[in-house]
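> Below is the sequence, then the predicted model.
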Amino acid sequence: MKHGPAILVVDDDATLAAALREFLSHEGYEVEVAQSGAEALAIQEANPRIALALVDLMMPLMDGLTLTVELRRRNPDIAVVIMTGYGTIESAIDAIKKGAEDYITKPFDYAAVRKKIARLMEVMELRERVAQLEGHLERHACFESMIAVSPVMERVLERARLAAATDASVLIVGETGTGKEMLARAIHQASPRARMPFVAVNSGALPRELVESELFGFRRGAFTGAYADAPGIFSAASGGTVLLDEIGEMPKDVQVKLLRVLQEGELRPVGSTRSVHVDVRVVSATNRSLNDLRSTFLREDLYFRIATVVLQVPPLRSRPEDILVLSQHFAARLARRYGREISLSRHALELLLVYPFPGNIRELESLIESAAAISVDNPQVISETDLKPLLSSPVPENIATAAAHGPVSMEQMERLTIQQALRMSDGNRTKAASLLGISRDTLYRKLREYQG
């Protein structure tokens, strides 16, 4: 019994459908054939593994365009490729606007068919495995908001999980938009302090003359306008965690007082002569390099105090494996919000895989939301054309140029996804195969290929 995605061929020409079935079966795919739209819909209902449909455009009773819409209404994730003659290519393009992924022309160039089908099936298989892995993230519930499958990000998350169990100060380093605050919240939620407050403050956003009073509080009469005592951020977060975002922007005179809080566990509110005990864990974050932070922006003694554990969050452009996962996550979330089906086309995903993302995850989320917000299509398939006008920097002209940004092949993504499943199952291959939705024999075969 075969496992994995299956292909549905729909054509009222029995000879052509049989030839296409024989070709695709020889390529190793499971193939089912229908000679009408009604038969195709019945097969789709009976076989939930149908992931790709090759649909003839010109058929009696129910044409290919109508069938495409109905197939995708029943399964928004199904990929549809239109089969058409040269004289009806314009109609095939209309079908793509209605949700089809691509089209192939008759008579078939089987080499081109092989290439297109292989590429689509790779994307579908990876998308299915990503969905299955996302469904098992409950294992690390506190970090479930950190969507990642890349090995480099997995290492960061593993260090974060270990740090969360301690009370050590953590410094998170990464470019703007990489999710530093989200990681800090996950650390807090996974720590023994989870039931106590988490308070985030942007050190660079506070007026210089108010930084000390905002952090440490003040007493009535300490300055003009101080009509009552105020506890300050550290006292408000007592027992919990304080995130000092953009720690490098903190004035040097305030750094001295922060160092005392970290060393002695006590602070002195502005205008007070008495110290107050506080029990707070500090997580700091910065978009500056460690060298600049240590040599220019922070006192060295404070640097060593806040950097007990350093977590360097890589930019999105250096972990393209996560782009597909995050893209699907954001599209699914928008679909729930807007109450309609939203997905990304294969060409849109390929564009995102080679885009350098200067704004990182925040930019990716904004791109997909912008494309969804200006459409009322249901289902909506976000295309390369939808995304290109929204990009804030140039896209590499070809894959060779894109290689400078470290793209990964589908084969590499597959290997990384399997490695992720093995990590999540503590090396248990039977559980890993279940996570991936493949047989244990298939998993063993894949592992032998990687070792060969």
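Sure thing, it's come through. Please read these numbers as outputs of a predicted model, since none were measured by experiment.
> Tell me which stretches of the stretch 101-250 of the chain form strands.
For the stretch 101-250 of the chain, the strands defined by DSSP state E, counting those that start in this stretch occupy 102-106, 170-173, 198-202, 241-245.
> In JSON lines: the ones you listed, plus mean neighbour count, mean pLDDT and distance to Asp12.
Using the backbone N, CA and C atoms, a C-beta is placed for each residue, glycine as well. Below are those laid out as JSON lines (neighbours: other CB atoms under 10 Å; pLDDT from 0 to 100; distance: least, CB to CB, whole Å):
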{"stretch": "strand 102-106", "mean neighbour count": "18", "mean pLDDT": "85", "distance to Asp12": "13"}
{"stretch": "strand 170-173", "mean neighbour count": "24", "mean pLDDT": "97", "distance to Asp12": "60"}
{"stretch": "strand 198-202", "mean neighbour count": "17", "mean pLDDT": "93", "distance to Asp12": "62"}
{"stretch": "strand 241-245", "mean neighbour count": "24", "mean pLDDT": "95", "distance to Asp12": "62"}
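> Just give the closest residue to Pro314, not the sequence neighbours.
Spatial nearest neighbour of Pro314, chain neighbours left out: Val152 (5.3 Å); criterion: CB to CB, 6 or more residues apart in numbering.
> show me what contacts the one you found?
Going by CB atoms under 8 Å, 6 or more residues apart in numbering, Val152 touches Pro314, Ser318, Arg319.
> roughly how far apart are it and Leu311?
12 Å (CB to CB, to the nearest Å).
> mind listing what the residue positioned nearest the centre of the chain touches?
What sits nearest the mean C-alpha location of the chain, by CA atoms, centre = their mean, is Leu326, with 1.8 Å. By CB under 8 Å, 6+ apart, the contact list for Leu326 reads Ile147, Leu316, Ile361, Leu364, Glu365.
> Hmm, the second one is touching Ile361, no?
This means Leu316. Yes: taking contacts as CB atoms under 8 Å, Leu316 lies within contact range of Ile361: 5.7 Å.
> Overlap of the contact sets of these two?
Gly177, Thr178, Leu326.
> Among those residues, name the ones in helices.
Mapping the shared contacts of Leu316 and Ile361 onto helices (DSSP state H) picks out Leu326.
> Just give me the closest of the shared contacts of Leu316 and Ile361 to Ile374.
Comparing those against Ile374 with CB to CB places Leu326 closest, at 20.5 Å.
> Surely Val81 is within a strand?
Yes: Val81 forms part of a strand when assessed by DSSP: H, G, I helix; E, B strand; the rest coil.
> does it really touch Ala100, like I thought?
Yes: using CB under 8 Å, Val81 is in contact with Ala100, at 6.7 Å.
> quick one: common contacting residues for those two?
Here Val81 and Ala100 have Val55 as joint contacts, going by CB under 8 Å, 6+ apart.
> Give me the more crowded residue out of those two.
Just comparing Val81 and Ala100: by other CB atoms under 10 Å the higher neighbour count belongs to Ala100, 26 against 23.
> Show the pLDDT at the closest residue to that one other than its chain neighbours.
Nearest residue to Ala100 in three dimensions, chain neighbours excluded: Val80, at 4.4 Å (CB to CB, 6+ apart). In this model, Val80 is scored at 91, pLDDT.
> With Ile147 instead?
On the pLDDT scale, Ile147 is placed at 80.
> mind checking the backbone torsions on the closest residue to it other than its chain neighbours?
The shortest distance from Ile147 to any non-neighbouring residue, by CB to CB, 6+ apart, is to His329 (5.0 Å). Dihedral angles of His329 (phi, psi; degrees, to the nearest 10) stand at phi -60, psi -50.
> Double-check His329 against Ala148; I have them as touching.
No: checked against CB under 8 Å, the pair His329 and Ala148 is beyond contact range at 10.3 Å.
> give me the low-pLDDT residue ranges for this protein?
Low-confidence segments of the chain (pLDDT under 70): 1-4, 86-88, 127-142, 144-145, 395-417, 419-421, 423-426, 434-438, 450-452.
> How is the protein partitioned into domains?
For the chain, automatic domain parsing gives the domain ranges 6-108, 151-313, 317-405, 410-451.
> Break down the stretch 51-200 of the chain into its helices, ranges please.
64-74, 89-97, 110-134, 151-164, 180-189 (DSSP state H, counting those that start in this stretch).
> Dump the strands of the stretch 101-250 of the chain to TSV, plus distance to Arg337.
Shown next, in TSV, are these (distance: least, CB to CB, whole Å):
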stretch	distance to Arg337
strand 102-106	29
strand 170-173	28
strand 198-202	24
strand 241-245	27
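> so which of those gets nearest Arg73?
Arg73 sits nearest to strand 102-106 of all the strands of the stretch 101-250 of the chain, at 19.4 Å, using CB to CB.
> helices or strands next to that closest one in the packing?
Applying 3 or more CB pairs under 8 Å, 6 or more residues apart in numbering; DSSP states H and E, one finds that strand 102-106 contacts strand 79-85, helix 89-97, helix 110-134.
> looking at these, which is buried most?
Highest mean neighbour count of those: strand 79-85, a mean of 23 (counted as mean count of other CB atoms under 10 Å).
> Give me the residues contacting it.
For strand 79-85, the external contacting residues (CB under 8 Å, 6+ apart) are 11, 51-58, 64, 68, 71-72, 91-92, 95-96, 99-106, 116-117, 120, 123-124, 346.
> Name all residues that make contact with the residue lying closest to Phe108 once chain neighbours are set aside.
Closest residue in space to Phe108, ignoring its immediate chain neighbours: Leu20 at 7.4 Å, by CB to CB, 6+ apart. Contacts for Leu20 were tallied using CB under 8 Å, 6+ apart; they are Val9, Asp11, Val31, Leu54, Phe108.
> From those residues, keep the buried residues only.
Applying 16 or more other CB atoms under 10 Å to those, the neighbour count classes Val9, Asp11, Val31, Leu54 as buried.
> Out of those residues, which two are the most distant from each other?
Asp11 and Val31 (12.2 Å).
> Report how many residues lie close to Thr15.
Thr15 has 8 nearby residues by other CB under 10 Å.
> Check Gly339 too.
By other CB under 10 Å, neighbour count at Gly339 equals 7.
> for it, phi and psi?
phi 70, psi 30.
> What's the separation between it and Gln255?
Gly339 is 49 Å from Gln255, by CB to CB.
> Same question for Thr68.
As for Thr68, its distance to Gln255 is 62 Å (criterion: CB to CB).
> cool, Ile382 as well?
For Ile382, the distance to Gln255 - CB to CB - is 46 Å.
> So between these two, which is more surrounded?
Shown here are Ile382 and Gln255; by other CB under 10 Å, Ile382 has more neighbours (24 against 20).
> I figured that one hits Glu341, correct?
No: Ile382 lies out of contact with Glu341 (CB under 8 Å); the separation is 11.2 Å.
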